[in-house]
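>>> fold the following and give me the result.
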Amino acid sequence: MNPKTGQGFEFQEGDFLEMAKLPCVSSAMATNPGSVLMRGDLTPEIIHSPHVSPSAFAFLGVPPILGRGLFPSDFRPNGETEPVAVLSFQLWQKRFDGDSDVIGRTIMLNDEPHKVVGVMPPRFGWYTDDGLWLPLPTTDRSLWVRPILRLNPGVSSGVAEQQLKALLLRIAKDSPDRFPKGGWTVSLFNYLDITSLSDELRSSLRLLRYAVICLLLIACTNVTNLLLARGTTRSREIAIRLAMGAGRARVVRQLLTEGVLLAFLGGTIGLLFAYGLTHVIVALIPAGYLPNESRVTINLWVLGFTFLVSLATGILAALAPAIRCTRADLNDALKSGGQNTTAGTRTMGLRNTLAICEVALAVVLLVGAGLAIRGFAELTRLVPGYDLDNLLVARVSLQTKNYATIGQRDGFVRDALERFRVLPGVLSACVGTPPHFDRDSTYAIAGATEPAHDRISVNFVSAEYLSTFRIPLIAGRNLTAAEAALGDPVALITQAAARLWPAGVAPIGRTITLDSLAAPSASWDLAPAKTSKELTVVGIVGDVRNYPISNPRSPFPPDVFAPYSLRGSIRPEFILRTQGNPKALVGAVRATLRDLDKDIPMFPAWSADKILVQEGVQPRFNASLFTALGVSALALAVTGIYGVLSYSVSQRTREIGLRIALGARGGAIQRLVLRNGMVILGIGLLAGLALSEGLTTLVRSQVFVVPPNDPVVFILVSALFGAAAIAACLLPARRAARVDPNVVLRLE
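Next up, the predicted model:
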């Protein structure tokens, strides 16, 4: 269980140690996320290093693939910890080439030697995917942590909340300043409920549930149609059984048994198919949507659910045919094998109705698939205002005594840019951040009464920023290299920012006041001794998107680009435009930084196009799921139409033979059968489109933003379904046209 008290409150390690002693708690663990500097043969690198409590690895229950996890013996009685570390699988592969002899090796973390004691499996990623885990010391009881509690069997969350609240009330008496002033409550949440699934995946799985229900209904309808046809062809057999004294309940039980057996056979085949399909679905799930520790597999719960669904499907699908067959008129059923009876005609009407329902449900799924694909297409056509292809982003940390002043930091940036620009394969290089990660500030514009936005995004860049990101200059001029290096109070603004000025006022030459310039972050940035909050606009550039893209039609936000030397950032970010794959230059970038200063740590480099890749993972996932389900629904519905028409042809063989004997041509017979199929298709299609219109609001809110009442999707779905249904109708129609009247009349 994950405890929470209220906004602004953070649990400390002392709180966690007391929580672990509560009577309701069977075991507990705590985590403190952090990072360390790793040195070695490669360039020093900053990596994630969550600190965990002694019971963490036993609590999580995931054994390492090499060595061991952290043991209680790694935690000293005085609160200090042994210098040991457990590596993630990715870090083991990247820094140690997967060497199995890594256990016992000494590594330097924050310039202190640590012994490697274990390597975790590939999918284990507790607070880090490519870092390592360290023991959490208890020397500082005020250190904030994230606790998780496992309750004793039989203890309810209400009882646990009462015990936890009593503990926190005692702590609040000693440290009242730590708790929210307006009062607070204690709540326990199931950890899996609040962390295991991202909001995007929750919405995707919610849609998947609805879609699977539709697909199950279509499959049940097909099975019912199959059993109806089978029951009708066996009407003479059932009539004879009833005439000879068989009880109706016995016959119904037999038909139900056969239906359930067919359903179980189908469920078994489905399980075998699902076993292989599970790997495909897992591959489609976007990275970060599920915890790395999770396993998607077929377990006992899935087997039990499949058993119950197969049982229910078999009973429901076989019940109606069983009741209809046992209630048929015996005299009518015993005549001519029951092929041309009124009962057969009534059954045909029921089968047509079921086929119409199949078509309607399949259309709903196809419309959902169309909307998902259309939404993903919208994203691929998105114009963010910059070009992220072939961009490498490399960030370093200047948190050393050699870079304590803004001049020292700016000097390192200038030297690094000069060396990066001459690397083979580099087209341009700049400093700044990708637009997706801008900072923001409150602002003021002379003459503007009310700001159109509460805050404005600010990015501190070098003169090559526009050319590196290929952002067009609309009016005015770009920053000069001297202005960027010397911190002149000038700025570029986007077209969206230019519209913040009063109508008729040209922004170029005017000033904008940024409050954040006067209050830099002490832990991240430095500022020149004389920093003005006012910047003079010297140019207007094209708009850029710099927030998570939830709507490609949303207005562009306003942005300001100022000289990087107005901020002596502790973590400058370099962006290199390359001729080919940017990741091929990671080694050269590391070597360049090592030549400049071998002690400068570098964060893991990444390709800038992952911004848009991450934006597209949910639409791509939804489009893939809905497309697969839509195609399955289309296949089932077309099969249903084919089955209905084939059965209709077999039922009307005598009629068709008489028509041909009286001079009807093959084309007329084909049109007769096709007309029946088109009626089913037309009614089902209209019903499905009407139902889809009512559901598109839900689908659009989950898959992506698409035009309201999008006619393209509805037209394409109608055309696709129509073409598939006509193809399914042609085979029974051609078979009907080839009926030999001599054979039919001879049987009569």
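>>> my read: residue 91 touches residue 47, true?
Yes: the pair residue 91 / residue 47 is scored as a contact, 6.6 Å apart, by Cβ atoms under 8 Å. No exception for glycine: its C-beta is placed from N, CA and C like everyone else's.
>>> any shared contact partners between those two?
In terms of Cβ atoms under 8 Å, 6 or more residues apart in numbering, residue 91 and residue 47 are both contacted by the residues 130, 131, 132.
>>> how about JSON lines for those residues, with secondary structure, distance to residue 600 and neighbour count added?
Formatted as JSON lines, the shared contacts of residue 91 and residue 47 follow (DSSP: H, G, I helix; E, B strand; the rest coil; distance: Cβ to Cβ, whole Å; neighbours: other Cβ atoms under 10 Å):
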{"residue": "130", "secondary structure": "coil", "distance to residue 600": "20", "neighbour count": "17"}
{"residue": "131", "secondary structure": "coil", "distance to residue 600": "19", "neighbour count": "25"}
{"residue": "132", "secondary structure": "strand", "distance to residue 600": "21", "neighbour count": "25"}
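>>> report the lowest-confidence entry in these.
For the shared contacts of residue 91 and residue 47, the weakest pLDDT value sits at residue 130, with 83.
>>> which of the helices or strands spans the nearest residue to that one once chain neighbours are set aside?
Spatial nearest neighbour of residue 130, chain neighbours left out: residue 90 (3.9 Å); criterion: Cβ to Cβ, 6 or more residues apart in numbering. For residue 90, the host element (DSSP states H and E) is helix 89-96.
>>> what about residue 504, which SS state?
Three-state assignment for residue 504 (DSSP: H, G, I helix; E, B strand; the rest coil): coil.
>>> that older thread, the residue nearest to residue 130 reaches residue 129, doesn't it?
Yes: using Cβ under 8 Å, residue 90 is in contact with residue 129, at 5.9 Å.
>>> low-confidence ranges in the stretch 51-200 of the chain?
182, 192-200 (pLDDT under 70).
>>> that one: helices as residue ranges?
Counting by DSSP state H, counting those that start in this stretch, residue ranges of the helices within the stretch 51-200 of the chain are 56-60, 89-96, 157-174, 191-195, 199-233.
>>> equivalent analysis for the stretch 401-550 of the chain, please.
406-421, 465-469, 481-486, 495-498.
>>> kindly present those as TSV, with separate columns for mean pLDDT.
Shown next, in TSV, are these (pLDDT from 0 to 100):
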stretch	mean pLDDT
helix 406-421	89
helix 465-469	91
helix 481-486	88
helix 495-498	90
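>>> same list (those helices) but as TSV, adding distance to residue 254.
Below are these laid out as TSV (distance: least, Cβ to Cβ, whole Å):
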stretch	distance to residue 254
helix 406-421	80
helix 465-469	73
helix 481-486	87
helix 495-498	73
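>>> of all these, which lies closest to residue 319?
Of all the helices of the stretch 401-550 of the chain, helix 495-498 sits nearest to residue 319, with 63.0 Å by Cβ to Cβ.
>>> what's in contact with the closest one?
Under Cβ under 8 Å, 6+ apart, the answer for helix 495-498 is 456, 474, 507, 512, 540-543, 555-560.
>>> just the buried subset of those, written out for PyMOL, thanks.
Here is the PyMOL command that selects the buried residues among the contacts of helix 495-498 (16 or more other Cβ atoms under 10 Å):
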select buried, resi 456+507+512+540+541+542+543+556+557+558+559+560
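>>> quick check, nearest of the contacts of helix 495-498 to residue 672?
Using Cβ to Cβ, those come closest to residue 672 at residue 555, 58.0 Å.
>>> tell me the SS of that closest one?
Under three-state DSSP, residue 555 comes out as coil.
>>> if we ignore the residues flanking it in sequence, what's nearest it?
Distances taken as Cβ to Cβ, 6+ apart place residue 496 nearest to residue 555, at 6.8 Å, with adjacent residues excluded.
>>> could you do residue 606 as well?
residue 393 (5.5 Å).
>>> and the gap between the one you found and residue 441?
Distance, residue 393 to residue 441, using Cβ to Cβ, to the nearest Å: 23 Å.
>>> swap in residue 537?
Separation of residue 537 from residue 441 (Cβ to Cβ): 15 Å.
>>> quick one: which of the two has more around it?
Applying other Cβ atoms under 10 Å to residue 537 and residue 441 shows that residue 537 carries more neighbours, namely 23 against 19.
>>> tell me which residues form a beta bridge with the more buried one?
Residue 537 has these beta-bridge partners by DSSP bridges: residue 491.
>>> same check, this time on the one 4 residues further on
For residue 541, the beta-bridge partners under DSSP bridges are residue 473, residue 494.
>>> next up, the contacts around it.
Counting by Cβ under 8 Å, 6+ apart, residue 541 makes contact with 466, 471, 472, 473, 474, 492, 493, 494, 495, 561.
>>> show me the shaky parts of the stretch 601-748 of the chain.
Scanning the stretch 601-748 of the chain for pLDDT under 70 picks out 609-622, 648, 650-655, 694-710, 739-748.
>>> out of the helices of the stretch 51-200 of the chain, which gets nearest to residue 37?
Residue 37 sits nearest to helix 89-96 of all these, at 13.1 Å, using Cβ to Cβ.
>>> ok, and the closest non-adjacent residue to residue 718?
residue 685 (6.1 Å).
>>> ok, how many other residues are close to that neighbour?
As a burial measure, residue 685 scores 22 neighbours (other Cβ under 10 Å).
>>> ok, now residue 633?
For residue 633, using other Cβ under 10 Å, the count is 28.
>>> kindly report the same for residue 422.
For residue 422, the neighbour count with other Cβ under 10 Å is 9.
>>> again, but for residue 471
Using other Cβ under 10 Å, the number of residues around residue 471 comes to 22.
>>> contacting residues around it?
Contacts for residue 471 (Cβ under 8 Å, 6+ apart) come out as 385, 386, 465, 541, 542, 544.
>>> distance of the last one from residue 467?
Here residue 544 is placed at a distance of 14 Å from residue 467 (Cβ to Cβ).
>>> more neighbours, those two?
Using other Cβ under 10 Å, the more surrounded residue of residue 544 and residue 467 is residue 544, with 24 against 15.
>>> quick one, helices of the stretch 551-700 of the chain?
For the stretch 551-700 of the chain, helices defined by DSSP H, counting those that start in this stretch occupy the ranges 586-596, 610-615, 617-651, 653-661, 666-703.
>>> in stretch 725-743, what's buried?
Residues of stretch 725-743 classed as buried by neighbour count (16+ other Cβ under 10 Å): 725, 726, 728, 729, 730, 732, 733, 735, 736, 737, 739, 741.
>>> and the contacts of it?
Contacts for stretch 725-743 (Cβ under 8 Å, 6+ apart): 359, 637-639, 641-642, 645-646, 648-649, 652-653, 656-658, 660-661, 666-667, 669-674, 677-678, 681.
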